[in-house]
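Chemist: A structural model of the following input is requested.
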Amino acid sequence: MQIQVESQQGRRTCQASPGQTLLDVLRDTVQLQAPCGGNGSCGKCRVILVEPEGERTVLACQTQPRDGMVVRVPRQEPLQVALDAEARTDFQPDPGQTGWGIACDIGTTTVVCRLVELATGKALAVQGRGNVQCSFGADVISRIKAAMDGQLSQLTQAIREQLSEMIVELCRKAGVEPERVASMAVAGNTTMCHLLMGLDPSGLGVAPFTPLSRFGESVPARDLQLPFDGPVYVCPAVSGYVGGDITADLLAAGMDRMERPALLIDVGTNGEMALGCGDHFVCCSTAAGPAFEGAQLSCGMTAAPGAISAVEWTDGAVRCATIGGVEAAGICGSGLLDAVAVMLDLGAVDETGRMLDPEEDEIPEQAEPYLFLTEEEQPAFRLTPRVYITQGDVRKLQLGKGAIAAGVQVLLDAYGIQPGQVGRLLLAGGFGSYLRPESAARIGLFPAQMLPVTRAIGNSAAEGARLALISQPARDRLGQLQDTMSYLELSGLAAFNSAYMDAMMFPEGEE
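Modeler: All right, here's what the predicted structure looks like:
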């Protein structure tokens, strides 16, 4: 059967097969958000059916296509993507290189590519987009499940086509023919790299979470259906859940040169982190869930125009800032952290995470105007007329922040140091670039003692990929990091489970 799809890319005819949902069909046509992976729980894959009697909005994952159906896909706002990172200068381009290369960070949520002049190591153009695989789910577990359900080839084709499009667009901006690209380096978590290479990631979905490859080698670009001839180097992973993006982070941040232990956290659906300096590192990964990406929240959305990205208590009122300065349409991860920090300070949420019911006695006077009951009789905290935080949203944030905080505690114990002995706390990745450290410390994402040494380092995985692209010594160093990093598998670890229960609590405020 045939359906007509209208989107910002134009109108096109798509083929649908019996048993498919609209989401299955649209995955091959447009980038559609489906953080829940298509089980109908997130409500993000809304599309409009254009019918003779009028238009109606449906969930693509819950709708069966019909022959002749006309589907309009709402405009997808671009994500706010962290493009910049500090440049490490002690790795210089290998002599004799000419032409151009591509340095790429394939994240679960976003993909960032840079066009780099190989002789100088300078980036000529940079581009960031949402990962097209988002319609298969917001996190790596959803992608692994989709691959296990027979959709591996679709996932692989989707990311390869996206990379090809981004390479062509970067080259067009710089006036370079794509065929003149000589090489590419990729940093990404272990699941994303499996999907890029067409490798079955099912081993990452069950204990002991064994990858088919830990990468650290090059493959021909044409084998990946990319539009140039040359090698594609994939940064080495440590384990199934500490990938080449983390080794690239450490390389770019120069943690191997530091004399005091530093803690790096890539805050996202996978809370990957590493602690150490020199040649002594311990690392782990926690299942933080999608709340930090704004997914599966009552009014959640990705970091796109209209998302509340910052919340403050100023001059006796709650003030919100949105991406793009436009009317608030929802809230993203950084805004959620700020909002819950404000709610804690106002007394709207207690240390256990319980939100006060607006009908309770002794509600703090400052919090009272913002508390209300939803139609489902659930306590909520209103930020704007359209955007609010529910009790369920607070619980989801607790689960995520508790997992990361517990992982930090396990790493500190394994390394044998206290929080005050950490010389630097580095927040990596897109979310780490935009969150407010004070809010993160207030909700207990990391120990408050580390706040004075905390800083965001931007998209350091993409910077690590750039170094790997231009320098053989950088690639050698990545291999050394892979071999020397000690991985802690947290699942079933009694120390993690104990720390997790404690970390679910919010810190008490200052008297």
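Chemist: what's downstream of the lengthiest helix in the chain, the next helix or strand?
Modeler: Counting by DSSP state H, the longest helix found in the chain is helix 391-415. Sequence-wise, the next helix or strand downstream of helix 391-415 (DSSP states H and E) is strand 424-428.
Chemist: and that following strand, what does it pack against?
Modeler: helix 244-253, strand 262-266, strand 454-456, helix 460-470 (3 or more Cβ pairs under 8 Å, 6 or more residues apart in numbering; DSSP states H and E). Glycine gets a C-beta too; all of them are placed from N, C-alpha and C.
Chemist: the same query, at a cut-off of 7 Å, please.
Modeler: strand 262-266, strand 454-456 (3 or more Cβ pairs under 7 Å, 6 or more residues apart in numbering; DSSP states H and E).
Chemist: of all these, which one is nearest Arg66?
Modeler: Smallest distance to Arg66 across the helices and strands packed on strand 424-428 (Cβ to Cβ): 43.3 Å, for strand 262-266.
Chemist: what's the angle between that closest one and helix 244-253?
Modeler: 140 degrees (axes from the mean of the first three to the mean of the last three Cα atoms, to 10 degrees).
Chemist: what lines up beside strand 262-266 in the sheet?
Modeler: Here strand 262-266 has these sheet partners by DSSP bridges: strand 270-277 (antiparallel), strand 424-428 (parallel).
Chemist: hang on, isn't Gly294 packed against Gly300?
Modeler: Yes. Under the criterion of Cβ atoms under 7 Å, Gly294 makes contact with Gly300 at 4.2 Å.
Chemist: which residues are in contact with both of these two?
Modeler: Jointly contacting Gly294 and Gly300 under the rule Cβ atoms under 7 Å, 6 or more residues apart in numbering are Ile331.
Chemist: hey, least reliable of the helices and strands packed on strand 424-428 by pLDDT?
Modeler: Of all those, the segment with the smallest mean pLDDT is strand 454-456, scoring a mean of 92.
Chemist: check the offset of it from the chain's centre.
Modeler: 18 Å (Cα atoms, centre = their mean, to the nearest Å).
Chemist: next: stretch 393-413.
Modeler: Chain-centre distance of stretch 393-413: 16 Å, with Cα atoms, centre = their mean.
Chemist: quick one: the helices in this structure?
Modeler: 22-26, 140-146, 152-174, 190-197, 244-253, 333-346, 391-415, 429-434, 437-443, 460-470, 472-484, 494-503.
Chemist: average model confidence for the fifth one?
Modeler: Taken as a whole, helix 244-253 has an average pLDDT of 96.
Chemist: which strands or helices does that helix pack on?
Modeler: Taking 3+ Cβ pairs under 7 Å, 6+ apart as the contact cut, helix 244-253 packs with strand 181-188, strand 262-266, strand 270-277, helix 460-470, helix 472-484.
Chemist: list the buried residues of it.
Modeler: 244-253 (16 or more other Cβ atoms under 10 Å).
Chemist: a markdown table for those residues, including distance to Val111?
Modeler: Below are the buried residues of helix 244-253 laid out as a markdown table (distance: Cβ to Cβ, whole Å):
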| residue | distance to Val111 |
| --- | --- |
| Gly244 | 14 |
| Asp245 | 12 |
| Ile246 | 17 |
| Thr247 | 18 |
| Ala248 | 14 |
| Asp249 | 16 |
| Leu250 | 21 |
| Leu251 | 20 |
| Ala252 | 17 |
| Ala253 | 21 |
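Chemist: and which of those is nearest to Ala380?
Modeler: Closest to Ala380 out of the buried residues of helix 244-253 is Asp245 (35.5 Å), distances taken as Cβ to Cβ.
Chemist: which one is the closest one nearest to, not counting chain neighbours?
Modeler: Nearest non-adjacent residue to Asp245, counting by Cβ to Cβ, 6 or more residues apart in numbering: Ala461, 4.1 Å away.
Chemist: try Gly492
Modeler: Closest residue to Gly492 apart from its sequence neighbours, by Cβ to Cβ, 6+ apart: Ala207 at 7.9 Å.
Chemist: that neighbour and Ser491, how far apart?
Modeler: 7 Å (Cβ to Cβ, to the nearest Å).
Chemist: ok, the two, which is more surrounded?
Modeler: Ser491 (13 against 10; other Cβ atoms under 10 Å).
Chemist: ok, Gly278 - how many residues close by?
Modeler: Gly278 is flanked by 13 other residues according to other Cβ under 10 Å.
Chemist: ramachandran angles for it?
Modeler: When read as degrees, to the nearest 10, the backbone of Gly278 gives phi 60, psi -120.
Chemist: per-residue confidence, the nearest residue to it once chain neighbours are set aside, what does it come out as?
Modeler: Excluding the flanking residues, the one nearest Gly278 by Cβ to Cβ, 6+ apart is Asp256, at 6.3 Å. Note on Asp256: pLDDT of 91.
Chemist: so what's Asp256 up against?
Modeler: Applying Cβ under 7 Å, 6+ apart, the residues contacting Asp256 are 250, 278, 477, 481.
Chemist: quick revisit: next one, pLDDT for the residue nearest to Gly492 please.
Modeler: Model confidence at Ala207 (pLDDT) stands at 85.
Chemist: ok, and what's touching the helix or strand bottoming out on mean pLDDT in the chain?
Modeler: Here the helix or strand of the chain ranked lowest by mean pLDDT, DSSP states H and E is helix 429-434, holding a mean of 76. Contact with helix 429-434 is made by 81-82, 110, 265-268, 292, 303, 309, 333-334, 456, 458-459, as judged by Cβ under 7 Å, 6+ apart.
Chemist: what comes up buried for stretch 108-121?
Modeler: For stretch 108-121, a neighbour-count test (16+ other Cβ under 10 Å) marks 108-118, 121 as buried.
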